[in-house]
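Task: produce atomic coordinates for the following.
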Amino acid sequence: MINADELLAECIRMAKALGIRTGEIDPAVRINSRATKRFGMCTKKGKGYTIEIAARLLDAKRQACMDVLMHEVLHTCYGCCNHGKRWKQYAQRVNDAYGLNVTVRGTCPGLGVSDISKRRYVITCQKCGKVFYRERRSRLVDHPEMYRCSCGGCLEVAEYQDASEKR
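Predicted coordinates for the structure are as follows:
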């Protein structure tokens, strides 16, 4: 199993070696066993930062955990609380120097982890085939005919799985 605290320390060293100044980061990574839609989170606490990752990353490849931890480490840098120009420049420097794959938004296939998010509603564009997932019932789910895909195609609820059926 991966030791997230050791990987975090390594990510901080790697960033500093490239001249990227990080904020004050708590050396203990918090592990979130309930996270289903996100892989990591950086939270500002006073003058420092706390980093949290999804528990399922601990069973993934080391590279996946490094990608997520480095993503969060970069958020501690000045002017990088979002995924703006500076954050993207830092991510590119880290990727080029160390062969990481730090991206704005990680995906389950990209990180090599199973997708455990709830997909009760699956809406499909009839023109381009783009798929939209919804966990909760919404106007889009109830009235897909009122909406259009960005390509202009009609949307259709292609699959529905009631919460009672899922259990």
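
Do a quick rundown of the helices in this structure.
Here the chain has its helices, by DSSP state H, at 4-17, 62-74, 85-98, 108-111, 139-142, 163-166.

Out of these, which is closest to residue 52?
Smallest distance to residue 52 across these (CB to CB): 8.0 Å, for helix 62-74. Heads up, the C-betas are built off the backbone N, CA and C, glycines and all.

Now do that closest one: which elements does it pack against?
helix 4-17, strand 40-45, strand 48-54, helix 85-98, helix 108-111 (3 or more CB pairs under 8 Å, 6 or more residues apart in numbering; DSSP states H and E).

Give me the buried stretch members for it, please.
Buried residues in helix 62-74, counted by 16 or more other CB atoms under 10 Å: 64-74.

try stretch 72-81
Neighbour count says stretch 72-81 has 72-77, 80 buried, by 16+ other CB under 10 Å.

Ends of that stretch, what's the gap?
9 Å (CA to CA, to the nearest Å).

Go ahead and measure how far it is from the middle of the chain.
Its chain's C-alpha centre and that of stretch 72-81 lie 15 Å apart, by CA atoms, centre = their mean, to the nearest Å.

Now residue 49: closest residue in space that isn't a chain neighbour?
residue 76 (4.5 Å; CB to CB, 6 or more residues apart in numbering).
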